[in-house]
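Novice: no FASTA, just this:
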Ligand code: MTE
Ligand code: MO
């Protein structure tokens, strides 16, 4: 719609990942005519390329989308560290990385359309510095497995669209407390990023006002990731951290916070990052009927071994298995169960790393687990299944079939990895 009535080429420059046959087919049905040749967009040597100044990225990541940049680490690297190093942390950008003029950076606080305060980076750093270790996971993590159950639309993430880091900055509730804004007067807090679409609309998301005011929700205006200044890809200079909540609400490059009766009008809040019944498809979906995803359900994944690997069984008849588990909304992982016989026998994994400082109800970091898994070498191959249990005794669904949804979100069925034994 942004391009309607004109040339679409400037939009392809920003949304290059969408320039593929299935989208072109959709557009063909909307063709209302052809442009006159003099109106056709012409790229010249000095046409501004919004991706020309993207940060240099580590070669470790597997690229799922070049423009905007989307990439995830190989699974074995994920479980090497409790805190994911920045170069191993997945990147999910919906737009080109913004150009940051740090000298003039300001965070604007507004009520509906009226600015009530602006904070410089220095002002934000004057609030008490608070650190929380939190995983961030994309709502589409593990989408490739759901797509195997039935085709869907979305980037094909494996198990790596998650990372765990310590984040430091000002608590949002501390910033709000001095403002004279009352929680009762609003319903939502909206965040805007500095990354803009071709019509100048910023990336945006919102969270319920109660979350923003709750000191125990640990919502941060973070300026550090793993004790270092946040890198450009992860939201420099200020990133909103909403622990336990889907990645999409953890707004990077944030320069505006709005108190409102309404949720963010952004595409990503309104028409994306929502879950639907398996019976809803693109011909009958109405995005208004589903709430925006906020807190994520419990999930887990096997990172070692990987699908299709040939594994040597050791003298005790076991193979090493490692992975992560995590639940949204601060729920602690209390158990991880692994089976190689479709659930006849479950082996309980050892929880090897959890945040030792997390208080009850505020377990925002992931849990790493490991296990020497007994296997029968004579079988030649095994399919390993994993499921996690959180502190509310929520657990994962067995298969993707009954949780399938058209955009491929909330992909938390048992993770299954088939390997050959030697
Ligand atoms: N914030 C802005 N400003 N722009 C974005 O495109 N992507 C969101 C979120 N915050 C995004 C954003 C999504 S969908 C995810 S999953 C996470 O950032 C990804 O964070 P990461 O790139 O640091 O891993
Ligand atoms: Mo995401």
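Specialist: Received it, and whenever you're ready, just let me know what you need. All of these numbers come straight from a predicted model, not from anything done at the bench. Ligands and ions are numbered 1, 2, ... in the order given.

Novice: residues from the stretch 151-300 of the chain in reach of ligand 2?
Specialist: Proximity of the stretch 151-300 of the chain to ligand 2 (C-beta under 5 Å from the ion) is limited to residues 247-248. Placement of C-beta: from N, CA and C, glycine included.

Novice: now with 8 Å?
Specialist: 161, 246-248, 273 (C-beta under 8 Å from the ion).

Novice: filter these by proximity to ligand 1?
Specialist: Contacts with ligand 1 are made by 247-248 out of those, judged by C-beta under 6 Å from any ligand atom.

Novice: Same list (the residues of the stretch 151-300 of the chain next to ligand 2) but as CSV, adding pLDDT, distance to residue 214 and neighbour count.
Specialist: Shown next, in CSV, are those (pLDDT from 0 to 100; distance: C-beta to C-beta, whole Å; neighbours: other C-beta atoms under 10 Å):
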residue, pLDDT, distance to residue 214, neighbour count
161, 98, 26, 25
246, 98, 17, 23
247, 98, 20, 24
248, 98, 20, 25
273, 98, 22, 25
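
Novice: Now the residue positioned nearest the centre of the chain. Nearest residue, chain neighbours left out?
Specialist: With distances taken as C-alpha atoms, centre = their mean, residue 138 lies nearest the centre of the chain, 2.0 Å away. Distances taken as C-beta to C-beta, 6 or more residues apart in numbering place residue 161 nearest to residue 138, at 3.9 Å, with adjacent residues excluded.

Novice: how close does the one you found sit to residue 216?
Specialist: 27 Å (C-beta to C-beta, to the nearest Å).

Novice: what's the answer for residue 19, then?
Specialist: 44 Å.

Novice: more neighbours, those two?
Specialist: residue 19 (14 against 11; other C-beta atoms under 10 Å).

Novice: doesn't residue 13 make contact with the more buried one?
Specialist: No. Using C-beta atoms under 8 Å, residue 19 is not in contact with residue 13; the gap is 9.5 Å.

Novice: out of the residues of the stretch 151-300 of the chain next to ligand 2, which one sits closest to ligand 1?
Specialist: residue 247 (2.7 Å; C-beta to the nearest ligand atom).

Novice: Next, the contact list for that closest one, please.
Specialist: 92, 136-139, 161 (C-beta atoms under 8 Å, 6 or more residues apart in numbering).

Novice: Pipe the residues of the stretch 151-300 of the chain next to ligand 2 into a markdown table and attach secondary structure per row.
Specialist: Converted to a markdown table, those look like this (DSSP: H, G, I helix; E, B strand; the rest coil):
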| residue | secondary structure |
| --- | --- |
| 161 | coil |
| 246 | coil |
| 247 | helix |
| 248 | helix |
| 273 | coil |
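
Novice: related to what we said a few turns ago, which of the contacts of residue 247 sit farthest apart?
Specialist: Based on C-beta to C-beta, the longest span within the contacts of residue 247 runs between 136 and 139 and measures 10.9 Å.

Novice: Of those two, give the one with the bigger neighbour count.
Specialist: residue 136 (30 against 27).

Novice: How about the residues of this protein by ligand 1?
Specialist: So the chain meets ligand 1 at 89-95, 136, 138, 193, 195, 203, 233-234, 247-248, 250-253 (C-beta under 6 Å from any ligand atom).

Novice: and if we set it to 8 Å?
Specialist: When proximity is defined as C-beta under 8 Å from any ligand atom, the chain approaches ligand 1 at 68, 89-95, 98, 136-140, 161, 163, 192-195, 202-205, 233-235, 239, 246-254, 268, 273.

Novice: Quick one, which of the residues you listed are buried?
Specialist: Buried members of the residues of the chain next to ligand 1, counted by 16 or more other C-beta atoms under 10 Å: 68, 89-95, 98, 136-140, 161, 163, 192-195, 202-205, 233-235, 239, 246-254, 268, 273.

Novice: picking that back up, now, which of the contacts of residue 247 lie within strands?
Specialist: Residues of the contacts of residue 247 located in strands (DSSP state E): 92, 136-137.

Novice: Please convert the residues you listed to TSV, extending it with pLDDT.
Specialist: As requested, these are exported to TSV (pLDDT from 0 to 100):
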residue	pLDDT
92	98
136	98
137	98
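
Novice: Contacting ligand 2 as well, which ones from those residues?
Specialist: Within those, those near ligand 2 by C-beta under 8 Å from the ion are residue 92.

Novice: Could I get the full set of helices for the stretch 201-350 of the chain?
Specialist: 209-213, 267-270 (DSSP state H, counting those that start in this stretch).

Novice: got these as TSV, with mean pLDDT and distance to residue 281 columns?
Specialist: Shown next, in TSV, are these (pLDDT from 0 to 100; distance: least, C-beta to C-beta, whole Å):
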stretch	mean pLDDT	distance to residue 281
helix 209-213	97	32
helix 267-270	97	19
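
Novice: Between those, which one is closest to residue 155.
Specialist: helix 267-270 (13.7 Å).

Novice: Would you mind putting the ones in strands among the contacts of residue 247 into JSON lines with distance to residue 372 alongside?
Specialist: Below are the ones in strands among the contacts of residue 247 laid out as JSON lines (distance: C-beta to C-beta, whole Å):
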{"residue": "92", "distance to residue 372": "34"}
{"residue": "136", "distance to residue 372": "30"}
{"residue": "137", "distance to residue 372": "27"}
